[in-house]
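A.B. asks: sequence and predicted structure below; questions after.
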Amino acid sequence: MNTGFRVVPLDHRSVSTAQQIHAVQMLAYAREAALLGAVYFPPLTRTVQDVGSSDEHFLGAFARDELVGAASVWPDEDGVGLNIASLVVVPSWQRQGAGTSLIGAVVALYGSGELTVQTGVKNLPALRLYARHGFIEVRRWFAGREPIELIKLRRPGAGPQHAA
């Protein structure tokens, strides 16, 4: 496993950076759609402009000077902290540690509060990754045209405001 990934914040408002993030997302989301058996997969409709104008905060995983993965966070829709809006890795770099590096950076930066994420129930590699980082199932539901079963996971925060 390659552990030499450099994870840094990305300025997604820069057109060239938004293009790089978008390219990684499209490759990863095409793979995820196939994994889920989805013909219509909403993340694949995202544009470079959508990335560039997003209110998300982005991190990128680099192998040498190549962006091989990206993660973004924004407020959770249920108001329980931050949501990992996307965590994507170029398929040829998957299962080499880029996703682990990204989730580790997200937890290091934002893990004092609660973190949530959602993915398809059939996305077993993502579910294993999140489980290794302390995420537990909150709920399941069906969404979309086909529909796809989704799962929301939560990682309790480490900060004092989250004490039992």
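C.D. replies: Alright, I've got the coordinates. A quick note: this is a predicted structure, and the numbers were derived from the prediction, not measured.
A.B. asks: in the longest strand along the chain, what's buried?
C.D. replies: The strand that spans the most residues within the chain, counting by DSSP state E, is strand 66-75. Under the neighbour-count criterion of 16 or more other C-beta atoms under 10 Å, strand 66-75 has 67-73 buried. C-beta coordinates here come from the backbone N, C-alpha and C atoms, glycine included.
A.B. asks: kindly report the same for stretch 55-67.
C.D. replies: Buried, per 16+ other C-beta under 10 Å, within stretch 55-67: 56-63, 67.
A.B. asks: pretty sure V88 is touching Y29, no?
C.D. replies: Yes: using C-beta atoms under 8 Å, V88 makes contact with Y29 at a distance of 6.8 Å.
A.B. asks: helices and strands around the longest helix along the chain, which ones?
C.D. replies: What stands out as the longest helix in the chain, according to DSSP state H, is helix 15-36. Packing partners of helix 15-36 (3 or more C-beta pairs under 8 Å, 6 or more residues apart in numbering; DSSP states H and E): helix 48-53, strand 57-63, strand 66-75, strand 82-89, strand 115-120.
A.B. asks: nearest to I136, of those?
C.D. replies: Closest of these to I136 is strand 115-120, at 10.5 Å (criterion: C-beta to C-beta).
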